[in-house]
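Attaching a predicted model along with its sequence, questions to come.
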Amino acid sequence: MKKTNAKGFLVSKSGLGGDPYGYLGLAFFDSFADLAQFPEAFRKASAEAKLAPMPTGVVMRAEYTVIRFVPELSIQPAAQ
């Protein structure tokens with residue numbers, strides 16, 4: 001992930017009451033342009049690292065969500 005244009009990446013395993021085989025991945029970007037360039041950058045970085053291809057398997061569910069920070073709609077600490 002360091003060789004892609006993602007500003008950060010977090011991974012978490014599902015906890016209590018969730019799917020025991022589920023993982024949540026969260027990637028951070030500065031703009032939608034960075035988001036659009038990410039898949040190609042990831043493929044290029046994976047090829048350079050000579051990673052093994054993803055094993056075949058059954059994907060039960062995949063969800064993608066874009067969350068955008070809007071300062072006017074967010075709680076901000078009072079300026080002092």
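Looks like it arrived, so ask away. Numbering: from 1, shown residues only.

what's the neighbour count on A6?
Using other CB atoms under 10 Å, A6 is surrounded by 19 other residues. All C-beta spots, glycine's among them, are computed from the backbone N, C-alpha and C.

Could you measure from the residue nearest to it when sequence neighbours are not counted over to M60?
Excluding its sequence neighbours, the residue lying closest to A6 (CB to CB, 6 or more residues apart in numbering) is A27, at 4.8 Å. Counting by CB to CB, to the nearest Å, the gap from A27 to M60 is 21 Å.

And for K44?
Distance from K44 to M60, by CB to CB: 29 Å.

Kindly report the same for F38.
Taking CB to CB, one finds F38 at 24 Å from M60.

hang on, the earlier thing: does the residue nearest to A6 sit in a helix, a strand or a coil?
Under DSSP: H, G, I helix; E, B strand; the rest coil, A27 falls in the strand class.

Now do the contacts for it.
Residues near A27 by CB atoms under 8 Å, 6 or more residues apart in numbering: M1, A6, G8, F9, F38.

Enumerate the beta-bridge partners assigned to the residue positioned nearest the centre of the chain.
Computing the C-alpha centroid of the chain and ranking residues by CA atoms, centre = their mean puts A27 first, at 2.7 Å. Beta-bridge partners recorded for A27 (DSSP bridges): F9.

Tell me where the chain has strands.
8-13, 23-28 (DSSP state E).

Mind listing what's buried along the last one?
It stands for strand 23-28. A27 (16 or more other CB atoms under 10 Å).
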